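> Build me a model:
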Amino acid sequence: QVQLVESGGGLVQPGGSLRLSCAASGFTLGYYAIGWFRQVPGKEREGVSCISSSGGSTYYRDSVKGRFTISRDNAKNTVYLQMNNLKPEDTAVYYCATESLSNCPVLAPKVAYWGQGTQVTVSS
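Below you'll find the model as predicted:
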(Lines give C-alpha, C1' and ligand atoms only; values in the text may rest on other atoms or scores of the structure.)
Protein backbone atom coordinates (compact mmCIF):
# COMPACT_ATOMS: atom_id res chain seq x y z
CA GLN A 1 0.00 0.00 0.00
CA VAL A 2 1.42 3.35 -1.06
CA GLN A 3 1.50 5.92 1.72
CA LEU A 4 3.01 9.31 2.45
CA VAL A 5 2.98 10.28 6.12
CA GLU A 6 3.80 13.79 7.30
CA SER A 7 4.97 14.60 10.81
CA GLY A 8 6.65 17.40 12.72
CA GLY A 9 3.92 20.00 12.80
CA GLY A 10 2.90 21.85 15.91
CA LEU A 11 2.46 25.20 17.61
CA VAL A 12 5.39 27.60 17.45
CA GLN A 13 5.90 31.28 18.19
CA PRO A 14 6.69 33.74 15.40
CA GLY A 15 10.37 33.52 14.56
CA GLY A 16 10.53 29.90 15.62
CA SER A 17 11.41 26.79 13.64
CA LEU A 18 9.93 23.43 12.77
CA ARG A 19 11.11 20.53 10.66
CA LEU A 20 8.49 18.59 8.80
CA SER A 21 9.10 15.04 7.61
CA CYS A 22 7.43 13.14 4.80
CA ALA A 23 7.99 9.40 5.08
CA ALA A 24 7.06 7.05 2.28
CA SER A 25 6.00 3.45 2.46
CA GLY A 26 4.97 1.02 -0.24
CA PHE A 27 7.17 2.64 -2.89
CA THR A 28 10.70 3.93 -3.39
CA LEU A 29 10.47 7.65 -2.73
CA GLY A 30 13.91 8.21 -4.26
CA TYR A 31 12.53 7.75 -7.78
CA TYR A 32 10.22 10.76 -7.54
CA ALA A 33 10.09 14.49 -7.09
CA ILE A 34 8.28 15.44 -3.89
CA GLY A 35 6.33 18.61 -3.32
CA TRP A 36 5.21 20.29 -0.14
CA PHE A 37 1.87 22.08 -0.19
CA ARG A 38 -0.16 23.93 2.39
CA GLN A 39 -3.79 24.84 2.82
CA VAL A 40 -5.82 27.05 5.10
CA PRO A 41 -9.60 26.75 5.43
CA GLY A 42 -11.42 28.51 2.62
CA LYS A 43 -8.36 28.80 0.40
CA GLU A 44 -6.88 26.70 -2.34
CA ARG A 45 -4.00 24.38 -1.63
CA GLU A 46 -0.77 26.10 -2.65
CA GLY A 47 2.63 24.77 -3.54
CA VAL A 48 5.39 25.62 -1.08
CA SER A 49 8.47 23.77 -2.26
CA CYS A 50 9.63 20.93 -4.47
CA ILE A 51 12.69 18.72 -4.70
CA SER A 52 13.66 16.54 -7.64
CA SER A 53 14.26 12.83 -7.26
CA SER A 54 18.04 13.27 -7.05
CA GLY A 55 17.81 16.29 -4.79
CA GLY A 56 19.75 18.30 -7.34
CA SER A 57 16.93 20.76 -8.02
CA THR A 58 14.84 22.58 -5.47
CA TYR A 59 12.11 25.18 -5.80
CA TYR A 60 10.36 27.51 -3.37
CA ARG A 61 7.45 29.89 -3.51
CA ASP A 62 8.62 33.47 -3.11
CA SER A 63 7.12 33.96 0.34
CA VAL A 64 9.26 31.19 1.88
CA LYS A 65 12.54 31.71 0.03
CA GLY A 66 15.40 32.17 2.46
CA ARG A 67 13.38 30.73 5.34
CA PHE A 68 12.46 27.19 4.26
CA THR A 69 14.81 24.46 3.09
CA ILE A 70 13.71 21.23 1.43
CA SER A 71 15.95 18.17 1.52
CA ARG A 72 15.74 14.43 1.16
CA ASP A 73 17.35 11.29 2.47
CA ASN A 74 16.55 8.61 -0.06
CA ALA A 75 18.16 5.95 2.08
CA LYS A 76 15.52 6.72 4.72
CA ASN A 77 12.75 7.16 2.15
CA THR A 78 12.07 10.58 3.67
CA VAL A 79 11.82 14.20 2.56
CA TYR A 80 12.16 17.10 4.98
CA LEU A 81 11.05 20.71 5.09
CA GLN A 82 13.06 22.84 7.50
CA MET A 83 11.08 25.96 8.31
CA ASN A 84 12.85 28.84 10.04
CA ASN A 85 11.74 32.33 11.01
CA LEU A 86 8.14 31.21 10.88
CA LYS A 87 5.42 33.84 10.48
CA PRO A 88 1.72 33.75 11.38
CA GLU A 89 0.91 33.61 7.67
CA ASP A 90 2.69 30.25 7.47
CA THR A 91 -0.10 28.74 9.57
CA ALA A 92 -1.71 25.94 7.55
CA VAL A 93 -2.01 22.21 7.13
CA TYR A 94 1.09 21.05 5.28
CA TYR A 95 0.99 18.13 2.86
CA CYS A 96 3.60 16.25 0.91
CA ALA A 97 2.77 14.78 -2.45
CA THR A 98 4.14 13.28 -5.63
CA GLU A 99 3.05 13.00 -9.24
CA SER A 100 5.25 9.91 -9.53
CA LEU A 101 7.61 11.80 -11.84
CA SER A 102 11.27 12.58 -11.22
CA ASN A 103 11.28 16.33 -11.86
CA CYS A 104 9.63 19.38 -10.36
CA PRO A 105 7.17 20.96 -10.33
CA VAL A 106 4.63 18.76 -8.60
CA LEU A 107 1.27 20.10 -9.70
CA ALA A 108 -1.66 19.64 -7.36
CA PRO A 109 -4.16 18.55 -10.06
CA LYS A 110 -1.77 15.83 -11.20
CA VAL A 111 -0.77 14.48 -7.79
CA ALA A 112 -0.86 10.70 -7.58
CA TYR A 113 -0.38 10.43 -3.82
CA TRP A 114 -1.11 12.82 -0.97
CA GLY A 115 -0.18 12.51 2.66
CA GLN A 116 -2.77 13.14 5.39
CA GLY A 117 -1.28 16.50 6.37
CA THR A 118 0.27 17.97 9.50
CA GLN A 119 -0.92 21.16 11.19
CA VAL A 120 1.50 24.05 11.59
CA THR A 121 0.34 26.93 13.78
CA VAL A 122 2.45 30.04 14.22
CA SER A 123 1.11 32.18 17.02
CA SER A 124 2.23 34.04 20.10
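
> what's in contact with the helix or strand of the chain with the lowest mean pLDDT?
Least confident helix or strand of the chain, by mean pLDDT, DSSP states H and E, is strand 113-114 with a mean of 90. For strand 113-114, the external contacting residues (CB atoms under 8 Å, 6 or more residues apart in numbering) are 2, 3, 4, 95, 96, 97, 98, 100. Glycine gets a C-beta too; all of them are placed from N, C-alpha and C.

> any idea how far residue 109 is from residue 11?
Computed as CB to CB, to the nearest Å, the residue 11 to residue 109 distance reads 31 Å.

> which of the two has more neighbours?
Shown here are residue 11 and residue 109; by other CB atoms under 10 Å, residue 11 has more neighbours (12 against 5).

> thought that one was touching residue 121?
Yes - in this structure, residue 11 is within contact of residue 121 by CB atoms under 8 Å, at 4.7 Å.

> Report the buried residues of stretch 7-14.
By neighbour count on 16 or more other CB atoms under 10 Å, the buried set for stretch 7-14 is 8, 9, 12.

> how close does the residue lying closest to the first one once chain neighbours are set aside get to residue 54?
So the one you mean is residue 8. Spatial nearest neighbour of residue 8, chain neighbours left out: residue 20 (4.2 Å); criterion: CB to CB, 6 or more residues apart in numbering. The gap separating residue 20 from residue 54 is 21 Å, by CB to CB.

> if you count what's nearby, which of these two comes out ahead?
Taking other CB under 10 Å, residue 20 and residue 54 do not tie; residue 20 has more neighbours (24 against 12).

> Now do the buried residues in stretch 97-115.
In stretch 97-115, counting by 16+ other CB under 10 Å, buried: 97, 98, 99, 101, 104, 106, 108, 111, 113, 115.

> ok, residue 38 - contacts?
Counted by CB under 8 Å, 6+ apart, residue 38 has contacts 45, 46, 48, 90, 92, 93, 94, 95, 120.
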